[in-house]
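K.L.:
Fold the following.
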Amino acid sequence: MSKLYITHARIVLPDTVLEDSALLIEDGRIAAIAPNAAPACDTLDLQGQWLMPGLIDVHCDAIEKEAEPRARVLFPFDFACAQVDRRNAAAGITTPYHALSFANNEWGVRNNATAAQVVRAMAAYQPHALVDNRVHCRYEITDAEALPVLLGLIEEGLIDLISVMDHSPGQGQFKTLDAYLDYLMGNHGMTREQAHAAARAKLDNQHGALARVEQLLEAARSQGIPTASHDDDSVQRIATMRALGVSMSEFPITLDTARAAVTCGLPTILGAPNVLRGGSQSGSMRAIDAIRAGVASCLCSDYQPSTLIAAAFVAAEQAALSMPQAMALVTAAPAAACGLNDRGRIELRRRADLIAVDRVNGMPLVSRTWTAGRLVFATHYAPAVASAPRRMNALDRAACAA
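P.N.:
Here you go, the predicted structure:
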């Protein structure tokens, strides 16, 4: 029977923070919070660090960059899975949903067959993994050839979340054709001619998209897989997606769109990089404004795992949230959106998916990560010390004399 007694921690509960408190992990579960007596087991003194639920990230496509760090340069997929697993452990993300796009032969890892190989590689790697890796398949609705591939992966039980997206130029994320062309050329190494050809193909392939989406979402529902819409850009789009049965809205473009989503019961997913940078890279709304307006249900790391914990602290500071409220954006709320009832909160008998967070040079950084009670990441940050006076060199003396 494995036990760990954590002491002198600032424990973030769903509705309060316990200062200088303790927690007991037993057999991968939270066995006691602020116990009356110290049990006979291994003890860890957090020395005032935060103790929080492990982060739950419903959308991050960092795995694509691990598999294809440069355009058309592919690494072995088992290697890519191992590296992104380690990145998430260090970032405190105990349940990552790795987002893989199925977009036919448009580019590299987003080729349908290649993306399916990465899905299977992640499933094969999971027995060795540090965190609970899950797969989020993103379906580009203008791609007829992806549908049978995704239906097959559903049958194999390899998909944990499905989102439907339309990156056709002129709406959503790419409001103009030039924005779409710049993206393809900058991110995927296409020539302008290749990008124009991809744009024409996408517009030509919109026929039959609705029927394909309906079939995919029905297959997902039959297996209990949560679903999401992507880049919703109008109240009308939210109504359409809700009627189709999606269960969350990713990256709504405007405050009105986000408000419409939460009003009709769809949790909204906003990007942590948007919060950290103070704005959207594509000209959409600022995520911090959605948080302040109460229409941001969850944050996801989008493309950079390390931003998730940082954005939660920024949200607390800039949107006047309590620490439990801010942490819910990256723990309890995404757990609820994905139907994960065993994690996301520090409560008795829940999985001991936990992180310790220190303040280093003003930044919140993860110092330890536990997955189901198993320590999977640990580091130590040196305490701040006063800098010794620097001895002047010849250049310094010359500058002073001048």
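K.L.:
Return the helix or strand in this structure with minimum mean pLDDT.
P.N.:
In the chain, no helix or strand scores lower on mean pLDDT, DSSP states H and E than helix 394-401, which sits at a mean of 39.
K.L.:
what helix or strand is Thr7 on?
P.N.:
Following DSSP states H and E, one finds Thr7 within strand 3-12.
K.L.:
Remind me what that strand packs against, helices and strands.
P.N.:
strand 17-26, strand 42-45, strand 50-53, helix 323-328 (3 or more C-beta pairs under 8 Å, 6 or more residues apart in numbering; DSSP states H and E). Where you see a C-beta, it was placed from the backbone N, CA and C, and this is true even at glycine.
K.L.:
Over it, what's the mean pLDDT, rounded is fine.
P.N.:
Averaged across strand 3-12, the pLDDT comes to 98.
K.L.:
Over to stretch 42-56?
P.N.:
pLDDT averaged over stretch 42-56 gives 98.
K.L.:
Offset the numbering so it begins at 860, please.
P.N.:
I'll keep to 860 as the first residue from here, and by that count the last item is stretch 901-915.
K.L.:
Quote the end-to-end distance of that stretch.
P.N.:
Separation of the first and last residues of stretch 901-915 by C-alpha to C-alpha, to the nearest Å is 27 Å.
K.L.:
Quick one: distance of it to the chain centre.
P.N.:
21 Å (C-alpha atoms, centre = their mean, to the nearest Å).
K.L.:
Output the helices and strands packed on strand 862-871 in TSV; the columns should cover distance to Leu1009 and mean neighbour count.
P.N.:
Output for these, formatted as TSV (distance: least, C-beta to C-beta, whole Å; neighbours: other C-beta atoms under 10 Å):
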stretch	distance to Leu1009	mean neighbour count
strand 876-885	38	18
strand 901-904	43	14
strand 909-912	31	26
helix 1182-1187	31	22
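K.L.:
between the ones you listed, which gets nearest to Ala1146?
P.N.:
helix 1182-1187 (12.8 Å; C-beta to C-beta).
K.L.:
Other residues contacting the closest one?
P.N.:
Applying C-beta atoms under 8 Å, 6 or more residues apart in numbering, the external contacts of helix 1182-1187 come out as 871-876, 909, 911-912, 1171-1172, 1174-1175, 1178.
K.L.:
from these, which single one is nearest Glu1014?
P.N.:
After measuring the contacts of helix 1182-1187 against Glu1014 - C-beta to C-beta - the closest member comes out as Pro912, at 32.6 Å.
K.L.:
Tell me, what's the model's pLDDT at Arg931?
P.N.:
pLDDT, read off for Arg931, is 86.
K.L.:
Starting from Pro1223, give me the distance back to it.
P.N.:
Separation of Arg931 from Pro1223 (C-beta to C-beta, to the nearest Å) stands at 37 Å.
K.L.:
Please apply the same query to Val1173.
P.N.:
In terms of C-beta to C-beta, Val1173 sits 9 Å off from Pro1223.
K.L.:
neighbour count winner among those two?
P.N.:
The residue with more neighbours, out of Val1173 and Pro1223, is Val1173; 22 against 19, by other C-beta atoms under 10 Å.
K.L.:
so which strand or helix has that one?
P.N.:
helix 1166-1177.
K.L.:
can you give me the strands in the stretch 860-1009 of the chain?
P.N.:
Taking DSSP state E, counting those that start in this stretch as the test, the strands found in the stretch 860-1009 of the chain are 862-871, 876-885, 888-892, 901-904, 909-912, 914-919, 952-961, 993-999.
K.L.:
list the buried ones in the third one?
P.N.:
Taking 16 or more other C-beta atoms under 10 Å as the neighbour-count basis, strand 888-892 is seen to contain the buried residues 889-890.
K.L.:
What is it packed up against?
P.N.:
strand 876-885.
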